[in-house]
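Chemist: I'd like to go over a predicted model; first the sequence, then the structure.
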Amino acid sequence: MNFNTLLLEKDNDLRILALKEMLNQVDQQWSEISELLSQIETLSEDPKFPERQLAAYLCAKIQYHLDNFDESLNYALQSGNYWQSDLNDKFNQCLIKHCIEQYRQSGKASEERIRLIKSILELSCQQNNHISAIGVAVECKRIDWVIEILNKWNYPGKMMSVLHLFNTQRGEFKEQLLRLSVDLIYEEAKHGQIPNEEWGQFVTVLIQLGEAIKVAEILWTLVTNENHYKLQSGTPLLLAEQLCIDLAQNQKPQFIQKIIAALPIDQQFQEVRDKLIKLLSGEQQRKAYLYFLKNHRQVDIEVLNKIKGANDPKQSSVLHGACMFGHGLATAGTQDTQFLQANQQWATKCNYWQRFTATSTLGMIHKYNIEESQQIMATHLAQTNPFEIGGALYGLGLIHFGTQDQQLLLKFSDQMKSQKEQIIHGACLGSGLVAFASEDEKLNQDYHNLVSKNESIYGEGASIGYGLLNAGSGSIEQCKHLLVLANQSDKDKIVRTLSLSIACILFHQEDKADVIIDQMLQSNDPLIRYGGCFTLAFAYVGTGSNKIIQKLLSISVNDVSEDVRRAAVISFGFLMFKNYEALPKIMRLLTLSYNPHIRYGTAIALGIACAGTLYPDAISAIEPMLTDTVDFVRQGALIALGMILSQGNKDQESKFETIMKSINEIAAKKHETVLTKLGLAIFQGLLDCGGRNLTVSLQSRQGVPKLNACVGMLWFLNYWYWYPCLTMISIALQPVAFIGLNENLDIPKDFQLQCNTKQSVYDYPPPQKKSEKPIAEKKTVQLSTTQKVRARTNKRDLEKKQLDSASQGVISREQSKMSLEQQPSEIVKQPSLIEEQEKKQAAPKDEPNQYILINPCRILDKQKKHIQLLEGSRYQPLLKDRKQGLVMLIDSEPSQPADVISLTVKPKQPIIEQVVNQQPAPPNQVPEEFVFDEALQNEEQKP
C-alpha cells in the first residue's frame, strides 16, 4: 500500500485508512514510515481533521522508535483514548519513566504530565503496590502525594516498611518525611503493629531528628504504663532496656544526657530509672564486655613471643614500639599481662616517645576496666619521666573513653598546666577521649589556648582533642574557627590535625558540610586539602554516593600532593563500608597504579571497608602488594589484611592459609625493612585482637555508622605521621559476642544457642606450639681427593665384611647392592611405631554438624546465619533476629530461681600493672641497646 499517496488524498476516510495501516505496521516498518512524519504531524495539528488523536498517537510511536522520548510523550498526551497508559508494554514503560525522571530532575512539569504521574500512582495503589508508589512520590519530592498514598494504604506496620525510602533523601525534605513518619509510627505502636525488632528503627528516626525528649517519654511510658503500647512479645521493661542499649551504641553523649535529664524522678520507679541510666551511659555494657573478654580470652603467648622475636630492638626503637603495640592489640580488653610480666626486662628497653606509646597500650589492655583504672596507672603517674606520665594519662583516656568522668577531666585540666610538653600532650589526648563528643566549653577553651601558642607537640595534642571533643556536632562555626587557626599556624603537625578534626566535627552531615569541604579542597595548603578529603568522606560516611566517588577519584588522579592523593583513596573505605562488595571493582585499576601512595591507600581503603568480612575479592586485590617493591606499600597490605582476616581461620576462607604462608615468609626475612616489620606486628595484633574476641567495626548492629569507630580509625591512620596515634584504634574495636541479659541486667547461664555448622569452622584456632630450633650439625670442609680416598677405603671395608659374613647368610645381594650405593653421610630413617600412633591420633575425626553455644558466647558476623534458637528453652531473645551484641532475654519462668552471672560483683584484689622500671634513667643518659634516630635527636635538642 502506498501510504504517501493515501495521505495526499483529500478524502479523510482514505487518510484515516492509511494512518490505521501505518499504526499496525509501525513497530516493524518504523524506518520507512518515519519518512512521512512531517505529513502525519500536519494531520495531528489540523483542527478540521476528524482523527487528530490517531495521527498524534502514530507520531508518538514514530518518535519513540527514533529515541525522541520527550516529543513522543507530548504526542502521546495529545492522543486521548488511543494511548492507554495502564498497559504494561515497553512503549508505555519508557514514556512513563521518562516523564517521572524529567519531573524528578526539574521539579516542573505541565498539568498533563502531572496528571499522568498521579494516574500511575493511583494505578499502583489499586494493584496493591503502595511501596513503589511512595518511592515515586519521594523521588519527585511531593510530600502531599506521600501523605495521600499512606492514607489510602490500610496495612499494619506500613511505616516501618517505607522508612528506608525516606532515609535515601537528604536535607530538609528528609527531615519532613521523618517527622511525618514519627506521628504515624507512634499510632501504630499503640495498636501493637510494630514488631519488637523494628522498635530500634523508630528510635533511630528520633535520634536523627534530635528528639531526645520524645525518646525519654517513650522509655518512661514503657516502664510506668504497661498497657499504653501493645507488644507482640516480652514485657515493656525489657523493650525499654533494649532500646537503651541501642541508644548507647550511637555514641551521642549530648543526646543521651538530654534523655537522662528528661526522665522523671519518681521514688516508685527509682530502681527502674537507675537501670535505664546504667544502660544509657554504657556502664552495664562495659561490665558485660569486660566479663566476656576477660573470661573468654584466647591469648596465644607463642604468637606474642613470635612478634617479639621477629623484631630486634637493637635495630630500631620503632620495632620495640611495634612489639608493644602488637601485644596491646592482641590482649585488648582481656586484662591479660602475663606476657609483660614474663618479659619485664625487655619492656624496659623503650624510652622517649616509644615509652609514651608503650605505657598508653595499658589503656588498650584494660579496656572497659574503669573500676581498677586508677590503681593500674598509679605507678606510672607517680614517676618522674614525663614520657611515662603522658602515656599513662593517654591510657587512662582510652580506658575511660566516653564516660564524661568529671573528676578525671579536672585531673587532666590540671596536667595541661604542666611545664612538660609530653605530659600536656597526653592530657590533651586523654581528656578528649573521656569527654568524647560532649562539646565541653571549658575544654574547648583550654585546647584553643594551647593551639594558639603554636608549639608542635602539645599543639598537636590539643588539635586532636578538638576533634574528639566536638566529634559529630556538625558545628559550622567551630569548623570555621579551626580553619582560621590552621591558616595562622606554620606547624605542619597542628595544621594537619586541625584539618582532620574538622572531618570529625562534620561526621554524617552530608550536604550541610559542602561549603566547608569546598573551602578545604580549594586551599593552596596541601595539609588542609589532605584533611578536606577525609572531611568529604566523613560528611557522606557509609552513603556510597556516586557523586562523592567521582570527586575522590578526580582528586586521587589530579592533585599534585602525594599525601592528598593517598588520603583521597583511603577515604573510599569510609564512604563504601556499607556496600563493601562494590569497592574492589572500583579499586581494581588503582591497585595497579605506578604511584606507591595510591597502592598503599587502596590497600587501607579495602581493609577499612571489608574489616572482619574475609571478603575474597578484597584479599585477592591486596595479596600481590605483600611482595611490592616499596616497603610502606607492604606495610599497608599487612595492616589491611589484618583487618579483613581478623577472627578468621582456614576453614572460613580458602586463601587464609596461603596468606599466612606468605606473611611467614616475610617474617623470616632477616633484612626486612623497619616499616614492613611494623606492619607485620600490627597484622598479628589485629588477627588475634582482644584474645580473638574483638574486631574493627564501623557500623552498629542496626547498620548505622558508628561515630566512635570512624573517629578512632581516622586517628589511627595518623600513625603515618605520629606513632602514638596507633593506640587510637582501641575505640574502633567491637566485641564479636552474643550476651543475653535478663530483666535485672544479669547474664543467665542456662540460655543456649545452636550453631548448625561444624565447630572447627568458627572456633578459636589452636595455640601455636613452641618453636624449637634444631641444633645445626657442623659440617667439616673436606678436599675432593680426601673424599675419594675415604670412599675407596669404606668400599673395601664393606666388601671385606660381606665376604666374612657370606657363610652365615647375614647380608643378601640386594642389601649388599644398597649398601654399596649408600654414602656414609646418608641415613634412611624409618618411622617408629610411636610416630605412627601419633599420626593416627592426630587424624581428623568426624565432627558433628551442629553444636551448642552457652551464654555469653563468641559469634562472628559470618556465623550469624547458622545460629538457631532452641525451642522449649526457658529464655528467648526479645529480638529474634539479633545474633550479636547485648540482647534482652524473655524469661518464661520468672518466679523460678535462676543461675546467673552477676555483673555487680567487684574484684577483691586489683592488680597494679607496670610496664617500665619504677626508677627511670635520667633524661640525658642513653639506655643500653637503644638506637637514636635523627628525628628523635632533633626533638631532644630543641631549646
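Modeler: Yes, it's here.

Chemist: these two touch, right, G607 and L638?
Modeler: No: G607 is not in contact with L638 according to Cβ atoms under 8 Å; the separation is 9.6 Å. C-beta coordinates here come from the backbone N, C-alpha and C atoms, glycine included.

Chemist: for F572, pull up the helix or strand it's in.
Modeler: According to DSSP states H and E, F572 maps onto helix 562-576.

Chemist: state the mean pLDDT of that helix.
Modeler: Regarding helix 562-576, the rounded mean pLDDT is 95.

Chemist: all numbers from here: first residue = 47
Modeler: Got it, the first residue is 47 from now on, which makes the last one we talked about helix 608-622.

Chemist: and the next helix or strand after it, which residues are buried?
Modeler: Next helix or strand after helix 608-622 toward the C-terminus (DSSP H and E): helix 629-633. If you call a residue buried by 16 or more other Cβ atoms under 10 Å, then helix 629-633 has these buried ones: 629-630, 632-633.

Chemist: next: stretch 496-511.
Modeler: Neighbour-count burial for stretch 496-511 [16+ other Cβ under 10 Å]: 496-497, 501-511.

Chemist: about what we covered before: list the helices and strands the helix holding F618 packs on?
Modeler: helix 572-585, helix 592-604, helix 629-633, helix 642-655, helix 753-763 (3 or more Cβ pairs under 8 Å, 6 or more residues apart in numbering; DSSP states H and E).

Chemist: mind checking which of the ones you listed is nearest I548?
Modeler: When these are compared by Cβ to Cβ, helix 572-585 sits nearest I548, at 5.4 Å.

Chemist: and the angle for that closest one with helix 608-622?
Modeler: If you take axes from the mean of the first three to the mean of the last three Cα atoms, to 10 degrees, helix 572-585 sits at 0 degrees to helix 608-622.

Chemist: return the distance of helix 572-585 from the chain's centre.
Modeler: Distance of helix 572-585 from the chain centroid (Cα atoms, centre = their mean, to the nearest Å) equals 19 Å.

Chemist: buried sites along that helix?
Modeler: Buried-residue list, helix 572-585, by 16+ other Cβ under 10 Å: 572-585.

Chemist: centre of the chain to stretch 458-474, how far?
Modeler: For stretch 458-474, the separation from the chain centroid amounts to 32 Å (computed by Cα atoms, centre = their mean).

Chemist: stretch 789-803 now?
Modeler: Relative to the mean C-alpha coordinate of its chain, stretch 789-803 is positioned 27 Å out (Cα atoms, centre = their mean).

Chemist: mind checking the pLDDT average for that stretch?
Modeler: Stretch 789-803 comes out at a mean pLDDT of 91.

Chemist: kindly report the same for stretch 222-234.
Modeler: Per-residue pLDDT over stretch 222-234 has a mean of 81.

Chemist: where does I793 fall, phi/psi-wise?
Modeler: Torsion angles at I793 (phi, psi; degrees, to the nearest 10) stand at phi -100, psi 110.

Chemist: tell me the bridge partners for it.
Modeler: Beta-bridge pairing of I793 under DSSP bridges involves I947.

Chemist: what sits against it?
Modeler: 334, 337, 785-787, 901-902, 946-947, 949 (Cβ atoms under 8 Å, 6 or more residues apart in numbering).

Chemist: change it to 7 Å
Modeler: Taking Cβ atoms under 7 Å, 6 or more residues apart in numbering, we find I793 in contact with 334, 785-787, 901-902, 946-947, 949.

Chemist: wait, W76 touches Y110, no?
Modeler: No: applying Cβ atoms under 7 Å as the test, W76 and Y110 come out as separate, 8.6 Å apart.

Chemist: who has more neighbours, these two?
Modeler: Y110 (23 against 17; other Cβ atoms under 10 Å).

Chemist: go ahead and confirm the more buried one touches F137.
Modeler: Yes: assessed by Cβ under 7 Å, Y110 is found in contact with F137 at 5.8 Å.

Chemist: dump the helices and strands packed on helix 608-622 into CSV; add mean pLDDT and distance to H426 as well.
Modeler: As requested, these are arranged in CSV below (pLDDT from 0 to 100; distance: least, Cβ to Cβ, whole Å):
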stretch, mean pLDDT, distance to H426
helix 572-585, 96, 32
helix 592-604, 94, 42
helix 629-633, 91, 41
helix 642-655, 95, 32
helix 753-763, 94, 22
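
Chemist: possible to save the contacts of I793 as JSON lines with secondary structure and distance to T719?
Modeler: Output for these, formatted as JSON lines (DSSP: H, G, I helix; E, B strand; the rest coil; distance: Cβ to Cβ, whole Å):
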{"residue": "A334", "secondary structure": "helix", "distance to T719": "42"}
{"residue": "I785", "secondary structure": "strand", "distance to T719": "42"}
{"residue": "G786", "secondary structure": "strand", "distance to T719": "48"}
{"residue": "L787", "secondary structure": "strand", "distance to T719": "48"}
{"residue": "N901", "secondary structure": "coil", "distance to T719": "47"}
{"residue": "P902", "secondary structure": "coil", "distance to T719": "42"}
{"residue": "V946", "secondary structure": "strand", "distance to T719": "53"}
{"residue": "I947", "secondary structure": "strand", "distance to T719": "48"}
{"residue": "L949", "secondary structure": "coil", "distance to T719": "46"}
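
Chemist: highest neighbour count among those residues?
Modeler: L787 leads the contacts of I793 on contacts (other Cβ under 10 Å) with 28 neighbours.

Chemist: OK, contacts around that residue?
Modeler: L787 touches 793, 932, 934-935, counting by Cβ under 7 Å, 6+ apart.

Chemist: just flag the most distant two among these.
Modeler: Greatest spatial distance among these (Cβ to Cβ): I793 and M934, at 11.5 Å.

Chemist: what is the strand ranked longest in the chain packed up against?
Modeler: Looking across the chain with DSSP state E, the single longest strand is strand 931-937. Applying 3 or more Cβ pairs under 7 Å, 6 or more residues apart in numbering; DSSP states H and E, one finds that strand 931-937 contacts helix 282-295, strand 783-787, strand 921-923.

Chemist: adding distance to L546, write the ones you listed out as TSV.
Modeler: Converted to TSV, the helices and strands packed on strand 931-937 look like this (distance: least, Cβ to Cβ, whole Å):
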stretch	distance to L546
helix 282-295	24
strand 783-787	31
strand 921-923	40
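
Chemist: quick check: which of these is nearest to I601?
Modeler: In terms of Cβ to Cβ, the element of the helices and strands packed on strand 931-937 nearest to I601 is helix 282-295, at 32.3 Å.

Chemist: roughly how far is the closest one from the heart of the chain?
Modeler: The chain centre lies 23 Å from the centre of helix 282-295; the measure is Cα atoms, centre = their mean.

Chemist: right, and the helix or strand after that helix?
Modeler: Later in the chain than helix 282-295, the nearest helix or strand by DSSP H and E is helix 299-308.

Chemist: mind listing what's buried in that following helix?
Modeler: For helix 299-308, the neighbour count (16+ other Cβ under 10 Å) marks 299, 301-302, 304-305 as buried.

Chemist: name the surrounding residues that touch whichever helix or strand comes after it.
Modeler: For helix 299-308, the following helix or strand on the C-terminal side (DSSP H and E) is helix 316-326. Residues outside helix 316-326 that contact it (Cβ under 7 Å, 6+ apart): 265, 269, 283, 286-287, 290-291, 293-294, 302, 305-306, 309, 330, 791.

Chemist: buried subset of those, written for ChimeraX?
Modeler: The buried residues among the contacts of helix 316-326 can be selected in ChimeraX (16+ other Cβ under 10 Å) with this line:
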select :265,269,283,286,287,290,291,293,294,302,305,309,330,791
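
Chemist: closest to N213 out of the contacts of helix 316-326?
Modeler: Of the contacts of helix 316-326, the one sitting nearest to N213 (Cβ to Cβ) turns out to be L293, at 18.0 Å.
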